[in-house]
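Asker: take a look and give me a structure for this.
(4 chains)
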2 protein chains.
Amino acid sequence: MGVTKTQIFTEKQNDLAQFFKVLGHPARVAILQYISNQNACICNDLVEEIGLAQATVSQHLKELKSIGLLKGEVEGKSMCYCIDVERWTEIQNQLNTFFNNTKSNCC
Amino acid sequence: MGVTKTQIFTEKQNDLAQFFKVLGHPARVAILQYISNQNACICNDLVEEIGLAQATVSQHLKELKSIGLLKGEVEGKSMCYCIDVERWTEIQNQLNTFFNNTKSNCC
DNA sequence: AATTAACATCGTAATATTGCAATATATAAA
DNA sequence: TTTATATATTGCAATATTACGATGTTAATT
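Answerer: Numbers count the residues shown, from 1 in each chain, chains lettered A, B, ... in the order given. Okay, here's the model as predicted:
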């Protein structure tokens, strides 16, 4: 086992869970906050800043890219990673829709 | 390895990531939606409804309880699980604060 | 008291994730 | 063209997660 049975859930449920999952690691939270605080393209002070090996940071960046939260641009021999604000807002809205639609009281 | 290095992140970052992580599984999304739709205490049609084994559903419920999203009450020989709306809203607000504070454009 | 029903917990197998060293790749600088 | 720097990818070890059968536990029912 160890395999999530995605086939028994709806596409929306799987998508939602995927967004939550990608955000569900403190390194990825920290990376997003750091990039945001810089208010400018961050290349790789990130590795020093986060405190994980370069390979590990690169892997986390890849996951953030996988749901479109980050876009990267080549900047000389460095990479410039930025938050895709449009996508960011879109995902925030989807999560809020879920939160607002899933709020019943009974006890 | 396989161990998240929580000690190198702030408590807030770890907490945020933990919330996201718990919501990051389609079964848990589905459980929350089902409980919400019933508009009443759900005991266990849940197992039939979700399509996972009873033990597995119970495990997912435990994780949702771990961050306070669900409260359970004994109801005869059944359990009544409900969404804790206050906690639900509190977590929604925390996630929104994160989203709103982490939204910079640069490229 | 015995039986049944509804959960929870334990143990375990399969797979996923995290993290890193080593290595590959690409671009700027010398 | 060589060298240096920045980043991505690969391979692997350790741990976590998912899922489920088997087994406990508790409370209603007989």
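Asker: drop to CA atoms for contacts and neighbour counts, all remaining ones
Answerer: Will do.
Asker: are whichever strand or helix holds residue A:27 and chain B in contact anywhere?
Answerer: Element membership for residue A:27 (DSSP states H and E) is helix A:26-38. Yes. Using Cα under 8 Å from any Cα of the partner chain, we find that helix A:26-38 touches chain B at A:26, A:27, A:29, A:30, A:32, A:33, A:35, A:36, A:37.
Asker: quick one: buried residues of the helix or strand just after that helix?
Answerer: Moving toward the C-terminus from helix A:26-38, the next helix or strand (DSSP H and E) is helix A:46-50. Across helix A:46-50, burial judged by 16 or more other Cα atoms under 10 Å in any protein chain shown covers A:46, A:47, A:50.
Asker: show me what helix A:46-50 is packed up against.
Answerer: Under the contact criterion of 3 or more Cα pairs under 8 Å, 6 or more residues apart in numbering or on different chains; DSSP states H and E, helix A:46-50 touches helix A:26-38, helix A:54-66.
Asker: and DNA strand D, which of these is closest to it?
Answerer: helix A:54-66 (3.7 Å; Cα to the nearest atom of the strand).
Asker: which residues are contacting that closest one?
Answerer: Contact with helix A:54-66 is made by A:22, A:23, A:27, A:28, A:46, A:47, A:50, A:70, A:71, as judged by Cα atoms under 8 Å, 6 or more residues apart in numbering or on different chains.
Asker: center of chain A - which residue?
Answerer: Central residue of chain A (Cα atoms, centre = their mean): residue A:64, 4.0 Å from the mean position.
Asker: can you pull the pLDDT of that residue?
Answerer: pLDDT for residue A:64: 97.
Asker: also the one 10 residues further on?
Answerer: Here, the pLDDT recorded for residue A:74 equals 89.
Asker: neighbours around it, how many?
Answerer: 10 (other Cα atoms under 10 Å in any protein chain shown).
Asker: thinking again about what came up before, does any bit of the helix holding residue A:27 sit next to DNA strand D?
Answerer: No. If you take Cα under 7 Å from any atom of the strand as the test, helix A:26-38 misses DNA strand D, and the best it gets is 12.1 Å.
Asker: and that helix, how far out from the chain's middle?
Answerer: Distance of helix A:26-38 from the chain centroid (Cα atoms, centre = their mean, to the nearest Å) equals 10 Å.
Asker: where in chain A is pLDDT low?
Answerer: Within chain A, the stretches with pLDDT under 70 are A:1-2, A:39-40, A:43, A:107.
Asker: how about the residues of it near DNA strand D?
Answerer: A:1-6, A:43-45, A:54-56, A:58-59, A:61-62, A:77-80.
Asker: leaving out chain neighbours, which residue sits closest to residue A:92?
Answerer: In space, and not counting its chain neighbours, residue A:92 is closest to residue B:99: 6.8 Å by Cα to Cα, 6 or more residues apart in numbering or on different chains.
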